[in-house]
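S.K.: Structure for the following, please:
(chains A and B)
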Amino acid sequence: MLVTSGIDELLRRVREGEVLACARLMTWAERGDPRFAQAHGDIAGALGGARRLGITGPPGAGKSTLVEGLAKSWRRREPQRTLGILAVDPSSPFTGGALLGDRVRMADLALDPGVFIRSMATRGAFGGLAQRTDDLLDVLDLSGRDTLMVETVGVGQSEVDVARSADLTVVVLHPGGGDTIQAMKAGLMEIADLYVLNKADMPGADRLALQLEDALSMRDLPADQRPPILHTSASEGRGLDELAVALDGLWEAAQSSGSLAERRRSNMRRRVVRLVEGRLAADLWQRSGLSDSLDEQLAQAGTLSAHALAADLLATWQDSPRSDPRP
Amino acid sequence: MNADNQLLSSPIRVLVAKPGLDGHDRGAKVVAAALRDAGMEVIYAGLHKTPEVIVETALQEDVDVVGLSILSGAHMTLFPRVRQLLDEAGAAKVLLTGGGIIPDHDVEQLQDLGVGQLFGPGSTLDELATYISEEVARRRATSNGA
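M.R.: Numbering: from 1, shown residues only, chains lettered A, B, ... in the order given. Down below sits the predicted model:
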């Protein structure tokens, strides 16, 4: 089959950890190339070995510097441990372009063969990650990397997709981010397995710590289930070893308690639902004429009902012949 | 959409970097912003990068284009070195382009070595973006989706 040509060879090279092959397979996955989806069933059994950590927080909290510091800590203390990093930055909703600058803060990792860094643009997704983030994490996992970190765009309240891709979610806060805690009570504050109070040497750090404790106490969690709070100064290299050790401890505890397996199941379910919804939407709009007929109806004079138009469109879609079954 | 269409329509990925020792990165930043506004995904690597770092980054990011800004006079060393490392790593189809203060006779020599068009003082950002778009479209069309 023409469409699968080359993928077996590429997968073999990815499993051997070849950089160019990993990078190319990531590009295929990111484009939604059908060859990736087709091959996924064959590689699924080889996935799940890597720890997947999500690093999120508001813009300027120091996420990239923290990710670099964590990577250096693991590499220094455990030279056999290999890492994969996905750094997500926003695409322009107007031009589709993106400036991906997280690598500037990860310069010390550039020539470490044990660390693979990939920058990723959101390409129209609004949850703090790109739509294909899970697929790219799968490629890194397949290539044998032990620990994966995905760094989200700088987020506000509601961009919580990272919690649905990661085994553990780290929320990074910093003093001077305004009344961060108040602003984030509803979304971001609910997804952390661990909080990092970064730039802990800056003025306002003590006050932020108190606010954070206060916000957490309102969540009515038993004391032993409250997410730990760690203090770091990533640019100074302080607190990073402790953070790396704490993350390993949390991950291992989640693995032995069974909560890791539970989270992975629920993340998997959400991922399947997203894929199905994406396919349905693509099928709907690719079906010939639907988009045009909407434009025609909008051009007509008179009162229009958005709900009535949507119902018409869906009825037309349900009655129209299915396109060729696609893999 | 089939694989070929997806390939031709997916955003162009460009690595913008400054090799060598000069610290004038304003031009590189202006170019990075202009290419972003032209709809490209620009990985900005920053200052003082060695050819080895630039090429390793280009490989991991699977870019279509590497753009170097060189104002230090070391262009006859740095461009050929990056081209050589890209080719040796199996990334011969990556377009290597850039700009800076580069005399015409040097430009000709560099192009003979497989470097693309180079943009000196007086070039416009539109010229650069158009060149990259057209050249990447041409290379993608002949690369058979690989």
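S.K.: host element of the nearest residue to A:R226 once chain neighbours are set aside?
M.R.: Spatial nearest neighbour of A:R226, chain neighbours left out: A:L216 (5.6 Å); criterion: Cβ to Cβ, 6 or more residues apart in numbering or on different chains. Using the backbone N, CA and C atoms, a C-beta is placed for each residue, glycine as well. Following DSSP states H and E, one finds A:L216 within helix A:205-217.
S.K.: Pull that helix out as PDB, backbone CA atoms only.
M.R.: Listed next in PDB are the C-alpha coordinates belonging to helix A:205-217 (Å, rounded to 0.1, in the frame of the first residue of the first chain):
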ATOM      1  CA  ALA A 205       7.500  34.800  47.800                       C
ATOM      2  CA  ASP A 206       6.400  34.400  51.400                       C
ATOM      3  CA  ARG A 207       3.100  36.100  50.700                       C
ATOM      4  CA  LEU A 208       2.500  33.900  47.700                       C
ATOM      5  CA  ALA A 209       3.200  30.800  49.800                       C
ATOM      6  CA  LEU A 210       0.600  31.900  52.400                       C
ATOM      7  CA  GLN A 211      -2.000  32.600  49.600                       C
ATOM      8  CA  LEU A 212      -1.300  29.200  48.200                       C
ATOM      9  CA  GLU A 213      -1.700  27.400  51.500                       C
ATOM     10  CA  ASP A 214      -4.900  29.400  52.000                       C
ATOM     11  CA  ALA A 215      -6.300  28.500  48.600                       C
ATOM     12  CA  LEU A 216      -5.500  24.800  49.200                       C
ATOM     13  CA  SER A 217      -7.100  24.800  52.600                       C
END
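S.K.: and it, how far out from the chain's middle?
M.R.: With Cα atoms, centre = their mean, to the nearest Å as the basis, helix A:205-217 stands 26 Å off its chain's centre.
S.K.: which parts of it are buried?
M.R.: Neighbour-count burial for helix A:205-217, counted by 16 or more other Cβ atoms under 10 Å in any protein chain shown, picks out A:205, A:208-209, A:211-212, A:215-216.
S.K.: which element follows the helix or strand bottoming out on mean pLDDT in chain B toward the C-terminus?
M.R.: The weakest-scoring helix or strand in chain B, judged by mean pLDDT, DSSP states H and E, is helix B:3-9 (a mean of 60). The helix or strand immediately downstream of helix B:3-9 is strand B:13-19, counting by DSSP H and E.
S.K.: what's the following helix or strand after that following strand?
M.R.: Later in the chain than strand B:13-19, the nearest helix or strand by DSSP H and E is helix B:26-37.
S.K.: tell me which residues in that following helix are buried?
M.R.: In terms of neighbour count (16+ other Cβ under 10 Å), helix B:26-37 has its buried residues at B:27-29, B:31-37.
S.K.: counting contacts, what elements does the helix holding A:L216 pack onto?
M.R.: Under the contact criterion of 3 or more Cβ pairs under 8 Å, 6 or more residues apart in numbering or on different chains; DSSP states H and E, helix A:205-217 touches helix A:180-184, strand A:194-197, strand A:229-231.
S.K.: what's the following helix or strand after the last one?
M.R.: Toward the C-terminus, strand A:229-231 is succeeded by helix A:240-257 as the next helix or strand (DSSP H and E).
S.K.: And the contacts of that following helix?
M.R.: Helix A:240-257 is contacted from outside by A:51, A:53, A:66, A:69-70, A:72-74, A:77, A:167-168, A:170, A:193-194, A:196, A:228, A:230, A:232, A:234, A:260-261, A:263, using Cβ atoms under 8 Å, 6 or more residues apart in numbering or on different chains.
S.K.: cool, and stretch A:308-327?
M.R.: A:34, A:37-38, A:283-284, A:286-287, A:290, A:293-294, A:297-298.
S.K.: Return it as CSV; C-alpha atoms alone will do.
M.R.: C-alpha atoms of stretch A:308-327 as CSV (Å, rounded to 0.1, in the frame of the first residue of the first chain):
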residue,chain,number,x,y,z
ALA,A,308,-32.4,26.1,13.3
LEU,A,309,-29.4,26.4,10.9
ALA,A,310,-27.4,24.0,12.9
ALA,A,311,-30.2,21.5,13.0
ASP,A,312,-30.6,21.8,9.2
LEU,A,313,-26.9,21.2,8.7
LEU,A,314,-26.8,18.1,10.9
ALA,A,315,-29.9,16.7,9.2
THR,A,316,-28.3,17.1,5.8
TRP,A,317,-25.2,15.5,7.1
GLN,A,318,-27.0,12.5,8.4
ASP,A,319,-28.9,12.0,5.2
SER,A,320,-25.9,12.4,2.9
PRO,A,321,-24.0,9.3,1.7
ARG,A,322,-21.0,8.3,3.7
SER,A,323,-17.7,9.1,2.1
ASP,A,324,-15.2,6.2,1.5
PRO,A,325,-14.5,4.5,4.7
ARG,A,326,-11.1,5.7,5.8
PRO,A,327,-8.7,3.9,8.0
